[in-house]
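> just need the structure, nothing else, for what follows:
(chains A and B)
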Amino acid sequence: MADINVDVRKETCPVPLVEMRKALRKALPGDRVIITGTHAASKKEIPMAADALSVKIVSIEESGDEWVIILQK
Amino acid sequence: MSEKATIIVHSGDMDKLSSALIVANGALAMGMEASLYFTFWGLLRLKKNGLSQGALSKMNMLGLGKLIIKRRMKKNNVATAERLMSDFRELGGKVIACEMTMEIMGISKKDLAEDIIDEYGAVGTYISEARDSSITLFI
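Next up is the predicted model:
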């Protein structure tokens, strides 16, 4: 099981969602996808996408402008 | 993965193409299938190096408005049409070119960016894509 890091800081709609999807497509079952970003709407929408894709949301953390969302395939 | 979004890209305007590509990428990112059906002025954007050639739908001001918007988009890190198209295709999106528009406008396949076009078709192709789509838009 591997960790895949996705850095979408300063990126805006729809790039964080798109990069999340690309990473999830590459991930193997059990792999974690760790997304770091600053786009506020994506912090809400990545968990929505994870639900739609039936991917587990491990954690959502925020400090200052930056958030980190960990998903597991 | 049975849910699908099908978008008719009728406008060749830069801002409208951008909206179509953003919605289509969002659909793919959230696990849907997506097809973009390029027709009329939209088809011009599939010409070689044509993706970014559209004017702004409003306040283009002979290209000055477009320049200002482009600069602001760059400053705010908004993805270009080229990047959105490449993401769209990487995530499995389908690009369809309207054959009737090609005839009307005298455009042949060799005028088009054939590497980004998956299929050439007419209204039947659109309907067969759209009939099982939960989202269809005309942009």
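> tell me the secondary structure at the spatially most central residue of chain A.
Centroid check for chain A by Cα atoms, centre = their mean gives A:Ile35 as the closest residue, at 4.0 Å. Using DSSP: H, G, I helix; E, B strand; the rest coil, the structure places A:Ile35 in strand.
> I'd say it and A:Glu61 touch.
No - assessed by Cβ atoms under 8 Å, A:Ile35 is found out of contact with A:Glu61, at 11.1 Å. C-betas here are computed from N, CA, C, even on glycine.
> anything in contact with each of these two?
A:68-69 (Cβ atoms under 8 Å, 6 or more residues apart in numbering or on different chains).
> hang on, B:Arg71 in a strand?
No - the assignment for B:Arg71 (three-state DSSP) gives helix, which keeps it out of a strand.
> coming back round to it: and the residue nearest to the centre of chain A, what pLDDT?
Predicted confidence (pLDDT) for A:Ile35: 98.
> what sits against it?
A:6, A:8, A:16, A:19-20, A:23, A:46, A:68-71.
> now the phi/psi pair for B:Gly31, please.
Backbone dihedrals for B:Gly31, given as degrees, to the nearest 10, come out at phi 90, psi 10.
> you'd agree it is up against B:Lys4?
No - using Cβ under 8 Å, B:Gly31 is not in contact with B:Lys4; the gap is 10.7 Å.
> got the contact list for stretch B:39-50?
Counting by Cβ under 8 Å, 6+ apart, B:8-13, B:17, B:38, B:51, B:53-54, B:81, B:95, B:97-98, B:100-102, B:105, B:107, B:111-113, B:116-117, B:139 sit against stretch B:39-50.
> could you do stretch B:92-102 as well?
Residues outside stretch B:92-102 that contact it (Cβ under 8 Å, 6+ apart) are B:24-25, B:28, B:33-40, B:43, B:46, B:85, B:88-89, B:107-109, B:112, B:116-122, B:125-126, B:129.
> likewise for stretch B:124-136?
So stretch B:124-136 is contacted by B:2-8, B:27, B:32, B:35, B:37, B:94, B:96, B:119 (Cβ under 8 Å, 6+ apart).
> which bits of chain B sit near chain A?
Contacts of chain B with chain A, taken as Cβ under 8 Å from any Cβ of the partner chain, map to B:22, B:25-26, B:28-31, B:76-79, B:84, B:87, B:90-91.
> in helices, which of the residues you listed appear?
Using DSSP state H, the members of those that fall within helices are B:22, B:25-26, B:28-29, B:84, B:87, B:90.
> give me the mean pLDDT for stretch B:41-51.
On average, stretch B:41-51 scores 97.
> start and end of it, how far apart?
12 Å (Cα to Cα, to the nearest Å).
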